[in-house]
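Novice: Have a look at this prediction, sequence included:
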Amino acid sequence: MPRTPVDTARRGGSARDLLKALPWIGPSLLLIAGIVLYPAILMIINSTREISQTGKDRGSAGFDNYAALFDLPALPGVLLRTVVWVSVVVVVTIVISLALANLLNKAFPGRQFVRLAVIVPWAASVVMTTTVIYYGLEPGYGIVQQFLHDIGLIDSPDFGFTKSMPSAFLVAIGIAIFVSLPFTTYTLLAGLQSVSPELLEAARIDGASPRVTYFRIVLPHLRPALAVATIINIINVYNNFPILSVVTGGLPGYDADTTTTLMFKILQDMRDSGMASALAVINLVIVIAVIAVYVGIVKPLKAIDE
């Protein structure tokens with residue numbers, strides 16, 4: 001179909017607008033290219049190269065790094081733990097944060113203090129928080145161990161929560177949920193505060209029960225905030241290294257690893273940066289695919305459009 005003068009004028013206007021905006025968005029584009037695109041491209045290139053333990057590029061390896069990666073006997077278990085790690089942390093974090101956000105959205109004495117208290121795990125260093133909990137669970141002298149023994153939840157203060165699977169992995173999951181709550185709660189709280197009070201009042205006047213109001217009015221309006229919280233949590237949890245490194249990093253073998261910690265061990269123990277890059281590429285593809293599927297199913301902007 002031939003272009004009309006109107007189509008040509010629109011295209012010309014868009015190009016001129018882009019050129020006018022370029023001095024303003026140019027620095028941001030250069031920054032994105034420098035810290036996002038360049039490392040990603042270099043990672044993909046390295047995944048197809050044979051790189052020595054000293055870092056020397058010996059030439060093309062084709063897909064040998066990927067083949068060697070899939071030949072690792074530990075890979076199926078690592079992939080399964082990664083799915084469990086991400087799914088449990090994200091789902092439980094969202095559910096608890098929804099409850100906290102609804103609580104903090106209501107007026108009650110001391111609400112500001114509680115809101116500030118929720119920020120603490122977010123403000124503190126993840127490594128520091130994890131280390132404090134890890135040593136609190138140390139057999140024999142950990143303060144958390146002693147407390148659990150004193151109240152009768154464990155028979156001996158020498159129980160090694162972080163010394164074996166699956167208890168160490170469950171501890172890591174608990175810490176990941178704890179440090180993920182503040183951001184998620186405040187994101188959902190912002191979404192709750194955007195719900196029009198007039199809309200809720202109209203539902204009440206029409207006789208809608210609190211349950212119906214929440215699931216038919218509040219939750220649909222929370223869809224964009226839920227999408228943001230879920231996507232960012234998926235990315236953060238999937239790529240989380242500090243928590244797993246502190247809690248399960250000392251366990252032998254690969255029985256407590258996810259793909260992120262396995263990547264580090266391949267690089268540290270095997271000195272194989274090509275295989276580590278191949279796993280990094282696979283990680284990137286998986287994250288993009290999961291987020292694309294989630295956005296396609298949830299359609300976070302549908303509530304706004306409607």
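Specialist: Received, thanks.
Novice: C-alpha from now on. contacts and neighbour counts both.
Specialist: Noted.
Novice: Report how many residues lie close to residue 205.
Specialist: Residue 205: 10 surrounding residues under other Cα atoms under 10 Å.
Novice: One more: residue 263?
Specialist: The number of residues packed near residue 263 is 20, by other Cα under 10 Å.
Novice: Repeat that for residue 150.
Specialist: Neighbourhood size, residue 150 [other Cα under 10 Å]: 13.
Novice: And residue 68, by the same measure?
Specialist: Residues lying near residue 68 (other Cα under 10 Å) number 11.
Novice: helix, strand or coil for it?
Specialist: Secondary structure for residue 68, judged by DSSP: H, G, I helix; E, B strand; the rest coil, is helix.
Novice: Ok, the one 10 residues further on next?
Specialist: Under three-state DSSP, the three-state class of residue 78 is helix.
Novice: what pLDDT does the nearest residue to it once chain neighbours are set aside get?
Specialist: Using Cα to Cα, 6 or more residues apart in numbering and skipping the chain neighbours, the partner closest in space to residue 78 is residue 258 (5.0 Å). Per-residue confidence at residue 258 stands at 91 (pLDDT).
Novice: ok, now residue 170?
Specialist: 93.
Novice: Equivalent analysis for residue 90, please.
Specialist: With respect to pLDDT, residue 90 has a value of 94.
Novice: and if you look at residue 283?
Specialist: Residue 283 is assigned 88 on the pLDDT scale.
Novice: That one touches residue 258, doesn't it?
Specialist: No: between residue 283 and residue 258 there is no contact, the gap being 10.6 Å when judged by Cα atoms under 8 Å.
Novice: burial count for the residue nearest to residue 78?
Specialist: Residue 258 is flanked by 25 other residues according to other Cα under 10 Å.
Novice: mind checking how far it is from residue 43?
Specialist: Going from residue 258 to residue 43 by Cα to Cα, to the nearest Å gives 19 Å.
Novice: Residue 211 too?
Specialist: According to Cα to Cα, residue 211 and residue 43 sit 49 Å apart.
Novice: Could you do residue 123 as well?
Specialist: 31 Å.
Novice: Kindly report the same for residue 112.
Specialist: Residue 112 is 45 Å from residue 43, where distance means Cα to Cα.
Novice: higher neighbour count, the two?
Specialist: Neighbours around residue 112 and residue 43, counted as other Cα under 10 Å, are more numerous at residue 43. The numbers are 19 against 11.
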